[in-house]
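> give me coordinates for this.
(2 chains)
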Amino acid sequence: MNELLDMLSDLHEDVDFESCDTLIDDGILDSFDIVTLITQIKDEFDVTIPADEIVPENFNSAEAIWNLIHRLDEE
Amino acid sequence: MLFTSYGFLAFLAAVLILYYTLCRRFQWQLLLAASYLFYYWSGPKNLIFIMVTTVTTYFAALKIGHYGEISAAYIKENKAKLTKEERKAYKAGMKKLQRKWMLACLFLNLGILAVLKYTNFAIANINFFLDAFHVGEPISFKNMILPMGISFYTFMAVGYLVDVYRGKYPAKRGLFSFALFISFFPQVVQGPISRFDDVSGDMWADHKFDGKAVSFGLQRILWGFFKKLVIADRILTAVNTIIHDPATYDGIYVFLGMMFYALELYADFTGGIDITIGTAELFGIHLKENFHRPYFSKNIAEYWRRWHITMGTWFTDYIFYPISVSDPMLRFNKFARRHFGEYIGKRMPVYTASAVVWFATGIWHGAAWNFIVWGMMNFVVLMVSQELEPCYKWFHKHFNVNGTLWYKIFQIIRTILLMSALRMFDCYRDVSLTFRMFGNMLVHSRIPQLFDGRFQTLGLAAADYLVLFIGLLILIVTSLIQRSGSVREKLAAKPLIVRFACWYGLFLAVLIFGAYGVGFDSSQFIYNQF
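Below you'll find the model as predicted:
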């Protein structure tokens, strides 16, 4: 989880990613951030996030992204 | 058959009466029959194309769903026996089979769209090069038919197929019920580009007559008629006069034409969608909203999130993200970051995917360079504003204007002007003329030109301008009221006399001020041509 929080902080250092659960709804993460994040997740965790998983509920919080990584890794 | 024709109103009344009376137990079947009859009237041959798309998409989705079920069942049964790698390998193999079916179906249906819509555009471009290099004889243009709404229903079919492939929902069983999703007559003309899961709850359900829903549907249709007949079709005369005679109407008239067209397009397209959504509501079917007060947007990116929403989200979901996160693009992302640094590297894949999306958006709007350039200009403006974001942030930090009313108004006017300027590519006959007229507008516009006699030749009388001005005021006030919730709900809570005055007034306005006379058949909706 810490690696993911570091990645997110690199994108927006002024956001409290541990508590924010409206990253997409409030427009904090845009398409640049999401594509960058997906690339870094692939590098760091060897998990490919397909386009159909790019929905607000999977990216609204660090926890949701973490759960997505785990789920895809398990599958 | 146009939504604003007497024939459509008679057809709609007949279907509606049958829907809640004699055909009460066969509602979706009635809608399917009505939709195919409606489509037949657009040209009997057109039916072949929509039927091919329906049948091929239906069976390909069933096949994809079938492989998905086999895969899930096998994994479930053998979960304990298989290692993680074996599970992944098995799933990848099944996914490959599903992908083959999906790609074959996409190739066929997008191929039909491409051949019918772009053959003559391709021939024109080939002829240009043949002529430029003095080789060979020019190829003659083909007499292609363009089935009504082919861009819309093909995109709906593609969305459905890809969603089934992605496992978002199971494939629909029942060819005829699926055929209704593709051909539903209110939306087949000009969208919205519905998603299967958005309408599936309503489309095949049993609908009891609901006075409020029917009344709301009729109100929405009336509002659409007002926009189309009173505003769009009235201002159309002046727009056509200006854009078809650029030699006469230059300088400030280019600006006038640009702004008139912005109003015409808004009233025409949103009016058409109001009629579509209102008509669907009469049958208890709720379609997605396609507009969210777009002219109140503060920047162009926001504008594109609020204008033709179903098209924008379609391109995002089925083109932008699949390209952005595809394996080649992820590799490109890594390569770009390594060789060009974090800042540029991070942007290159997103900008590449965006360029593809805007090219596709442009050519989707029409088989002409005007539309392609229009799409790419949108891309450029969006990218420039993205790159200027730090400047905006600096400005907002040092000048305390962000959030103030006058600054919001400035941002809204800036967005309207920018979007209207880009739309000039819709208006003039080719790209070079559009650039020339844009330059002419910037250099030669003078206020006194409005009083040199040309204004009186635009085809509108003083009464027309008064009607347009009041119509525009009504549009603005309605949009402002809408910010805090549904206008129809708000009106429904008012005393009877107020409701009666509003709706009867609107009805009379359409009847009296609608741009028609004896024998007049309203002009084609702009988006019908897609």
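> chain A contacts on chain B?
Within chain B, the positions near chain A by Cβ under 8 Å from any Cβ of the partner chain are B:84, B:87-88, B:91, B:163, B:166-168, B:316-317, B:320-322, B:324-325, B:327, B:329-330, B:333-334, B:346-347, B:349-350, B:353, B:386. In short, each C-beta sits where N, CA and C put it, glycine included.
> which of the residues you listed fall in helices?
B:84, B:87-88, B:91, B:163, B:166, B:321-322, B:324, B:327, B:329-330, B:333-334, B:346-347, B:349-350, B:353, B:386 (DSSP state H).
> please check the residues of chain B next to chain A and keep the buried ones.
Among the residues of chain B next to chain A, those classed as buried by 16 or more other Cβ atoms under 10 Å in any protein chain shown are B:87, B:91, B:163, B:166, B:316-317, B:320-322, B:324-325, B:329-330, B:333-334, B:346-347, B:349-350, B:353, B:386.
> element containing residue 34?
All of this refers to chain A. helix A:31-45 (DSSP states H and E).
> the intended chain is chain B.
Per DSSP H and E: helix B:27-41 holds B:Ala34.
> for that helix, give the mean pLDDT please.
Averaging pLDDT along helix B:27-41 gives 95.
> hmm, who's touching it?
B:1, B:11, B:15, B:18-19, B:23, B:46-47, B:50, B:148, B:176-177, B:179-180, B:183-185, B:188, B:203-204, B:206-207, B:283 (Cβ atoms under 8 Å, 6 or more residues apart in numbering or on different chains).
> which of the residues you listed are buried, as a PyMOL select command?
Remark: buried members of the contacts of helix B:27-41, expressed as a PyMOL selection using 16+ other Cβ under 10 Å:
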select buried, chain B and resi 1+11+15+18+19+23+46+50+148+177+179+180+183+184+185+188+203+204+207+283
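> from the contacts of helix B:27-41, which land in helices?
B:11, B:15, B:18-19, B:46-47, B:50, B:176-177, B:179-180, B:183, B:185, B:188, B:203.
> enumerate the residues of chain A near chain B.
Close to chain B, as judged by Cβ under 8 Å from any Cβ, chain A has residues A:31-32, A:34-36, A:38-39, A:42-43, A:48-52, A:54, A:74-75.
> any of these buried? List them.
A:31-32, A:34-36, A:38-39, A:42, A:49, A:51-52, A:54.
> among these, which one sits closest to B:Cys427?
A:Ser31 (30.4 Å; Cβ to Cβ).
> so where's chain B uncertain?
For chain B, the stretches with pLDDT under 70 are B:515-530.
> residues contacting the residue located most distally from the centre of it?
Computed with Cα atoms, centre = their mean, the residue of chain B farthest from its C-alpha average is B:Lys81, at 49.8 Å. By Cβ under 8 Å, 6+ apart, the contact set of B:Lys81 is empty.
> three-state assignment of it?
Three-state call for B:Lys81 (DSSP: H, G, I helix; E, B strand; the rest coil): coil.
> one step back: and the helix holding A:Ile34, what does it pack onto?
Identification of packing neighbours for helix A:31-45 by 3 or more Cβ pairs under 8 Å, 6 or more residues apart in numbering or on different chains; DSSP states H and E yields helix A:2-11, helix A:62-74, helix B:321-324, helix B:327-365.
> could you check the angle the longest one makes with helix A:2-11?
Taking axes from the mean of the first three to the mean of the last three Cα atoms, to 10 degrees, one finds that helix B:327-365 is oriented at 50 degrees with respect to helix A:2-11.
> if we can go back for a sec, pick the one among the ones in helices among the contacts of helix B:27-41 closest to chain A.
Within the ones in helices among the contacts of helix B:27-41, the smallest distance to chain A is 22.8 Å, found for B:Met203 (Cβ to the nearest Cβ).
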